[in-house]
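A.B. asks: here you go, sequence then predicted model.
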Amino acid sequence: MKIDKITCHILQSKVEKPFTSARGWLYSTRSSCIVEVTTDDGLTGWGECYGPAAVNKTLIETQYAPRVVGRDPFDVEVVWEDLYNRIKDYGAQGFSITALSGIDIALWDLMGRATGKPIHKLIGGAYRKQVQAYATGLYFIDMDRLVEDAVEEALEYKAQGFRAIKMKIGLGDPKLDLRRVAAVREAIGPEIGLAVDANHCFSVPQAIRLGRMLEPLDLLWFEEPISPEDHDGYVEVTRALDLAVAGGENDFTRFGFRDVIAKKAMDIVQPDVCAAGGISEMRKIATLASAFGVECVPHAWGSAIGLAATVQFLATLPDQPPAFRPVPPMLEFEQTPNPLRDLLATLPIEQKHGVVAVPEGPGLGIEIDREVLARFKVA
């Protein structure tokens with residue numbers, strides 16, 4: 001079995017209610033670069049790249065695809081190292097790795113389809129048949145109803161059965177952030193987990209100050225409080241707070257996470273399977289984290305393909321730490337409207353009462369609806 005073609009599909013869908021976070025970017029469309037890898041015996045594997053789709057497509061078509069065609073998909077680690085070394089001189093992080101991630105996921109999907117096994121079996125087995133999901137939402141939509149909208153949305157997720165919620169903060173006024181988070185905490189009650197995500201909008205002193213203000217609210221974690229490049233700053237924030245600090249969605253490969261994990265700059269690392277290097281590299285990052293006693297709770301944002309890859313990977317992570325009543329790593333189930341997440345698979349991954357079943361089908365465990373693929377394809 002040899003790879004004979006790699007096709008990149010740029011998918012795009014309009015967002016009915018545009019939303020924003022602390023970065024100030026208005027999300028009015030959802031888009032993704034979907035990677036389709038086919039073999040000479042008719043098998044197809046699917047992957048997804050995080051970030052601007054057109055850049056990923058160009059990198060794959062011009063730098064990676066010529067080196068992958070003709071290879072055996074079961075040589076996935078060999079292919080990964082070859083592609084990484086091909087671009088290491090020009091960029092060992094960012095787009096060069098997000099593009100590589102999409103290819104890597106597709107190769108794991110191919111291996112699963114060739115063997116009739118889900119990816120979690122190929123990795124070494126699943127610790128769980130279902131994963132606890134937390135709802136990511138509570139973005140900024142109506143600036144005149146920031147508190148009211150957040151409370152109403154959080155109560156919707158609680159009613160759906162979610163046992164944990166992550167909300168956005170970073171409004172430029174720490175007192176407003178505190179009032180908004182406190183209102184949500186009071187509304188959902190102490191039994192529902194609550195995390196906050198600042199999308200790296202604070203300085204170190206600002207993050208420490210706000211973190212101390214938030215500590216009495218019993219939060220799961222304070223995500224991306226400061227700029228992702230400032231690993232030493234993360235050490236300061238993490239050491240200053242009793243509240244757990246999380247980050248890493250903008251870090252790449254085992255090399256990018258090595259020092260972060262070794263000096264425990266974060267309590268929780270959040271690599272994204274579609275960004276950090278694919279399933280091959282996620283395994284290495286999680287192993288590093290385990291060796292240093294750092295939790296690994298992957299970031300997830302994208303289509304049904306990225307979601308399925310994240311679920312497959314989460315199934316293979318042991319409880320962190322193992323205990324009589326362990327707390328398994330949770331699935332980030334982003335809740336903003338996204339047809340690429342909800343419609344692209346013939347049987348979408350869904351949560352029921354805050355729980356997602358791990359797909360048992362071959363590879364990613366989902367099938368792509370080609371009519372939906374064609375409907376949203378723009379390039």
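C.D. replies: Cool, got the structure. These numbers were taken from a predicted model, which means no experiment stands behind them. Numbering: from 1, shown residues only.
A.B. asks: would you mind identifying the next helix or strand past the lengthiest helix in the chain?
C.D. replies: Longest helix of the chain, by residue count under DSSP state H: helix 95-115. Counting by DSSP states H and E, the next helix or strand C-terminal to helix 95-115 is helix 119-123.
A.B. asks: partners of whichever helix or strand comes after that following helix, with directions?
C.D. replies: Next along the chain after helix 119-123, taking DSSP H and E as the criterion, comes strand 130-137. If you go by DSSP bridges, strand 130-137 pairs up with strand 164-168 (parallel), strand 331-334 (parallel), strand 355-357 (antiparallel).
A.B. asks: and those: which comes nearest residue 8?
C.D. replies: strand 331-334 (22.7 Å; C-beta to C-beta). Where C-beta positions appear, they are placed from N, C-alpha and C, glycine not excepted.
A.B. asks: ok, residues contacting that closest one?
C.D. replies: 131-137, 162, 166, 297-301, 307, 310-311, 314, 341, 351, 356 (C-beta atoms under 8 Å, 6 or more residues apart in numbering).
A.B. asks: change it to 6 Å
C.D. replies: Residues outside strand 331-334 that contact it (C-beta atoms under 6 Å, 6 or more residues apart in numbering): 131, 133, 135, 136, 300, 301, 314, 351, 356.
A.B. asks: adding pLDDT and neighbour count, write those residues out as JSON lines.
C.D. replies: What follows is the contacts of strand 331-334, written out as JSON lines (pLDDT from 0 to 100; neighbours: other C-beta atoms under 10 Å):
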{"residue": "131", "pLDDT": "97", "neighbour count": "23"}
{"residue": "133", "pLDDT": "98", "neighbour count": "26"}
{"residue": "135", "pLDDT": "98", "neighbour count": "25"}
{"residue": "136", "pLDDT": "98", "neighbour count": "23"}
{"residue": "300", "pLDDT": "97", "neighbour count": "25"}
{"residue": "301", "pLDDT": "94", "neighbour count": "21"}
{"residue": "314", "pLDDT": "98", "neighbour count": "29"}
{"residue": "351", "pLDDT": "95", "neighbour count": "21"}
{"residue": "356", "pLDDT": "98", "neighbour count": "20"}
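A.B. asks: so which of the strands paired with strand 130-137 gets nearest residue 111?
C.D. replies: Closest approach to residue 111 among the strands paired with strand 130-137 (C-beta to C-beta): strand 355-357, 21.7 Å.
A.B. asks: quick one: distance of the closest one to the chain centre.
C.D. replies: On the basis of C-alpha atoms, centre = their mean, to the nearest Å, strand 355-357 sits 16 Å off its chain's mean C-alpha point.
A.B. asks: next helix or strand past that strand?
C.D. replies: Trace forward from strand 355-357 with DSSP H and E and the next one is helix 370-376.
A.B. asks: which parts of that next one are buried?
C.D. replies: 372, 373, 376 (16 or more other C-beta atoms under 10 Å).
A.B. asks: again, but for stretch 9-28
C.D. replies: 9, 10, 11, 13, 19, 20, 21, 22, 27.
A.B. asks: tell me the contacts of the third one?
C.D. replies: Spelled out, it's residue 11. Applying C-beta under 6 Å, 6+ apart, the residues near residue 11 are 32, 34, 340, 376, 377.
A.B. asks: mind checking the pLDDT average for whichever strand or helix holds the first one?
C.D. replies: Assignment of secondary structure by DSSP H and E places residue 32 within strand 26-39. This predicted structure assigns strand 26-39 an average pLDDT of 95.
A.B. asks: cool, stretch 68-81 as well?
C.D. replies: On average, stretch 68-81 scores 98.
A.B. asks: just the CA trace of it, in PDB.
C.D. replies: Only the C-alpha atoms of stretch 68-81 are listed here, as PDB (Å, rounded to 0.1, in the frame of the first residue of the first chain):
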ATOM      1  CA  VAL A  68       4.800  11.900   1.000                       C
ATOM      2  CA  VAL A  69       3.500  10.500  -2.300                       C
ATOM      3  CA  GLY A  70       4.900   7.000  -2.800                       C
ATOM      4  CA  ARG A  71       5.400   6.400   0.900                       C
ATOM      5  CA  ASP A  72       3.800   3.700   3.100                       C
ATOM      6  CA  PRO A  73       1.300   5.300   5.500                       C
ATOM      7  CA  PHE A  74       2.500   2.800   8.200                       C
ATOM      8  CA  ASP A  75       5.800   4.700   8.200                       C
ATOM      9  CA  VAL A  76       4.100   7.500   9.900                       C
ATOM     10  CA  GLU A  77       6.900   8.400  12.300                       C
ATOM     11  CA  VAL A  78       9.500   8.200   9.500                       C
ATOM     12  CA  VAL A  79       7.400  10.500   7.400                       C
ATOM     13  CA  TRP A  80       7.000  12.900  10.300                       C
ATOM     14  CA  GLU A  81      10.700  13.200  10.900                       C
END
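A.B. asks: what's next to that stretch, contact-wise?
C.D. replies: Residues from elsewhere that reach stretch 68-81 (C-beta under 6 Å, 6+ apart): 2, 3, 104, 107, 110, 111, 280.
A.B. asks: just the buried ones out of the residues you listed, please.
C.D. replies: Taking 16+ other C-beta under 10 Å as the criterion, what is buried in the contacts of stretch 68-81 is 3, 104, 107, 110, 111, 280.
A.B. asks: turn the residues you listed into CSV, including pLDDT.
C.D. replies: Listed next are the buried ones among the contacts of stretch 68-81 as CSV, based on pLDDT from 0 to 100:
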residue, pLDDT
3, 98
104, 98
107, 98
110, 98
111, 98
280, 98
